[in-house]
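Trainee: Kindly return the folded structure for what I paste below:
(one chain, ligands or ions: 1)
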Amino acid sequence: MSKIKIHHDADVMVITVDNPPINAGSTEVRQGLLDAINALDVDRKLTAAVIIGGGTTFIAGSDIKEFSQPLMEPHLPLVIAAIESCSKPVVCALHGAALGGGFELALGCDARIALEGTVLGLPEVTLGIIPGAGGTQRLPRLIGVEKSIELICTGARIKADLALQLGIVSQVVKTDLLANALVLARSMIGTKNRIRDIATPISAPEAIASASQKALKAGKNRPQVQKAIEMVCNSLVLPIDEGLSIERNVFQSLRVSSEAKALRHQFFSERKLFKALSESDTKAIELSQIAVIGAGTMGSGIAMACLNAGYAVILLDQHEAALSNGVKRVEQYYESRVQGGKISPAQICELLQRFSHASNWELIASADLIIEAVFEDIEVKHEVFKKIDRYAKDGALLASNTSYLDIDAIAEKTKNPSRVFGLHFFSPAQIMKLIEIIRCKKTSPAAIATGLGFAKRLGKMPIISANSFGFIGNRIYAAYRRQCEFMLEEGAYPEQIDKALEDYGFAMGPFAVADLSGLDIAWGMRKSLAASRNPAHRYVGIPDSLCLAGRLGRKTGAGYYLYAEGSNSKSIDPIVNEMIDSASRAKGLTRRSLSTDEIVERVLLTMINETAHLLSENVVTQASDCDVALVNGYGFPRWQGGPTFIASEMGQEKLDQGLQELALASGPGFVIANTDMLFKSL
Ligand code: T1G
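Mentor: The predicted structure follows:
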């Protein structure tokens, strides 16, 4: 079936792109477009053309699935050049999303008309590349250099109304997109209006410099951001064909970079999260009211996440003081959003009308989903679930936000365990993308399907985990932190390990994170597990010593680092390094220097090893979920792809050898995972 449909509306050719689901600009689409434009050019009965997307969207981008192989001809720039050299006007009719190559194709046309609500953008930098079909050369000719730097370097998606204001589209219509596009095309018969013929408006050098600095900062100085700025600036000084050729070469070299491969891996891994939802024929339960039990930081954050997604929310806490603090936290959050211009007072008013709070349990009887977010103690949770069980309506789903406790044990004590599962949010819950959906032994498929749909509506990245200690993210993170503690007593210091990992791209090193979240949390965990800990296994006592010395992190002004009164800036504390030295001596270890490469390699191997364990224990169902978890919940650098991606690049033989060496370095208690399932799942 051709991906391009042609029909003639009297003297105007209508070219419809038909490549569901998103009309990706595949090789067949490009070939079909080129053939259509060539036919238009030679057909004397035809005076103009309209290009429009079939289905729900225009072309939402080139086909990323083609990017890991050499791109096939005709390349998109050639198609656009054919449109520009065609003697007849070509109008682009946009709806849904016109992104990447789709937007660039539109910029090659003589006019653009959009349906209200259409989204336009050049998101290439989020994939580690730059626009490769003229976006960096044509867009600045339309809207100037600064605005182009901002749009291209952030990959931002703008709505049709803003595109109209910027002069990117000439019309925005509410309905009848094709009819309006035909009128526009007929009004242009005998003319061409090529963006390539416009000179890029001159900008003040300081304006360009400030736009560039802002873009580099926001874009973490990534290579594709640097290159995008360079290309856009070329549009000021180079003839367009030279600028286009340089842009294409840069695009091609970035496309095959490991960073671009890693970002494509993340892109498709995130879309795999919802496959279970789209493939399962289990009907999700309709959710309209959510009850959140526990008005602490997590509970109020979860309430905000649900309010932001349009749900009616009731926040319940038995303790009046806790409830009023929680309500205040919600109100202050939204007030700050209004002050920051993120949302309007009218939107807040609408949103808070959906928000109620209470301390009496009867009010949760109308909730469709009840999320428990109370103190992390199993007895407290049993008590709360007893109340929830009593007041919740029969069809309601019950979820626990616990991080480590046994949800099967909680479910067992309820009337109907099939309606109990876990929804593990990450703090701050209204911001962090990651959410773990915990499938317990008796959890129904409907509950899981509902959880996935709920997560999607919250704009979250859901990964499904079995009910196993630490689920997925915290399990990998605990192994990572343990490996870093090993390296402390072998010879590294906190600042060296943190710097090595922050230079690799982590948002924060593990010891800075520990100080931020508080050393006492992990300490409490270790104490709770102490009785069951195998004494033969290697155990690093340094964190315990810090806690015993009252050094719990930022909240006590000292942890692994020192914090000046009221400041978050950390400084190295010689006392800590002496504590570490003496811990090494106490174990008879001769400290040695560890290279940055060794630090990073041991951390990555540890994460891959834990991912392989989670797969072979059936805690996680698809390995790439671990990559999504680490990027969206633990500050793992997105452009490094994640443990599964790194393993796939490394190959099984090299990985297994690395794990053997890691086991030697880690000592007793380290278990090498079987990596077969990991490589089978790639
Ligand atoms: N290529 C190939 N497949 C794509 C795709 C793409 N660009 N975009 C989406 N898909 C698949 C996706 O994997 C999923 O597949 C299905 O389509 C539905 O996607 C030359 C070089 C368009 C806003 O970055 O932002 O053009 O899982 O679940 O929520 O300069 O997809 O069903 O098998 O996301 O409705 C630039 C990326 C490319 C746009 C729709 N374009 N896509 O969201 O559906 S680079 C992009 C999106 C480029 C030029 C450069 C979203 C969407 P499956 P979905 P959605």
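Trainee: going forward, measure contacts and count neighbours with C-alpha atoms only.
Mentor: Noted.
Trainee: Show residues contacting the helix or strand bottoming out on mean pLDDT in the chain.
Mentor: Across the helices and strands of the chain, mean pLDDT, DSSP states H and E gives its lowest value to helix 275-279, namely a mean of 77. Residues outside helix 275-279 that contact it (C-alpha atoms under 8 Å, 6 or more residues apart in numbering): 449, 452-453.
Trainee: now those as CSV including distance to the ligand and pLDDT?
Mentor: Output for those, formatted as CSV (distance: C-alpha to the nearest ligand atom, whole Å; pLDDT from 0 to 100):
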residue, distance to the ligand, pLDDT
A449, 16, 95
L452, 13, 95
G453, 12, 95
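Trainee: which of these has the most neighbours?
Mentor: When neighbours are counted by other C-alpha atoms under 10 Å, L452 leads the contacts of helix 275-279 with 28 neighbours.
Trainee: Convert the C-alpha atoms of the host helix or strand of it to PDB, please.
Mentor: Under the criterion of DSSP states H and E, L452 resides in helix 445-457. Provided in PDB are the C-alpha atoms of helix 445-457 (Å, rounded to 0.1, in the frame of the first residue of the first chain):
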ATOM      1  CA  PRO A 445      -5.000  -7.600  35.600                       C
ATOM      2  CA  ALA A 446      -7.700  -4.900  35.700                       C
ATOM      3  CA  ALA A 447      -5.800  -3.200  38.600                       C
ATOM      4  CA  ILE A 448      -2.600  -3.300  36.700                       C
ATOM      5  CA  ALA A 449      -4.200  -2.000  33.500                       C
ATOM      6  CA  THR A 450      -5.900   0.800  35.500                       C
ATOM      7  CA  GLY A 451      -2.500   1.600  37.100                       C
ATOM      8  CA  LEU A 452      -0.900   2.000  33.700                       C
ATOM      9  CA  GLY A 453      -3.600   4.200  32.400                       C
ATOM     10  CA  PHE A 454      -3.500   6.300  35.600                       C
ATOM     11  CA  ALA A 455       0.200   6.700  35.300                       C
ATOM     12  CA  LYS A 456      -0.100   7.700  31.600                       C
ATOM     13  CA  ARG A 457      -2.700  10.400  32.500                       C
END
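Trainee: just checking, what packs against that helix?
Mentor: helix 275-279, strand 420-425, strand 434-439, strand 461-466 (3 or more C-alpha pairs under 8 Å, 6 or more residues apart in numbering; DSSP states H and E).
Trainee: Only C-alpha atoms, please: export the helix or strand encompassing A36 in CSV.
Mentor: Secondary structure assigned from DSSP H and E places A36 in helix 27-42. Output in CSV follows, covering the C-alpha atoms of helix 27-42 (Å, rounded to 0.1, in the frame of the first residue of the first chain):
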residue,chain,number,x,y,z
THR,A,27,11.7,6.2,2.9
GLU,A,28,8.5,5.2,1.2
VAL,A,29,6.8,8.5,2.4
ARG,A,30,9.7,10.5,1.0
GLN,A,31,9.7,8.6,-2.3
GLY,A,32,6.0,9.1,-2.6
LEU,A,33,6.2,12.8,-1.9
LEU,A,34,9.0,13.2,-4.5
ASP,A,35,7.1,11.4,-7.1
ALA,A,36,4.0,13.5,-6.4
ILE,A,37,5.9,16.8,-6.7
ASN,A,38,7.6,15.7,-9.9
ALA,A,39,4.2,14.8,-11.3
LEU,A,40,2.8,18.2,-10.2
ASP,A,41,5.6,20.0,-11.9
VAL,A,42,5.0,18.4,-15.4
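Trainee: Tell me the first helix or strand C-terminal of it.
Mentor: Immediately after helix 27-42, counting by DSSP H and E, sits strand 48-53.
Trainee: Surely K433 touches Y634?
Mentor: No. K433 is beyond contact range of Y634, at 10.4 Å (criterion: C-alpha atoms under 8 Å).
Trainee: what's near enough to touch the closest residue in space to V671 that isn't next to it in sequence?
Mentor: Excluding its sequence neighbours, the residue lying closest to V671 (C-alpha to C-alpha, 6 or more residues apart in numbering) is A663, at 7.1 Å. Taking C-alpha under 8 Å, 6+ apart, we find A663 in contact with 670-672.
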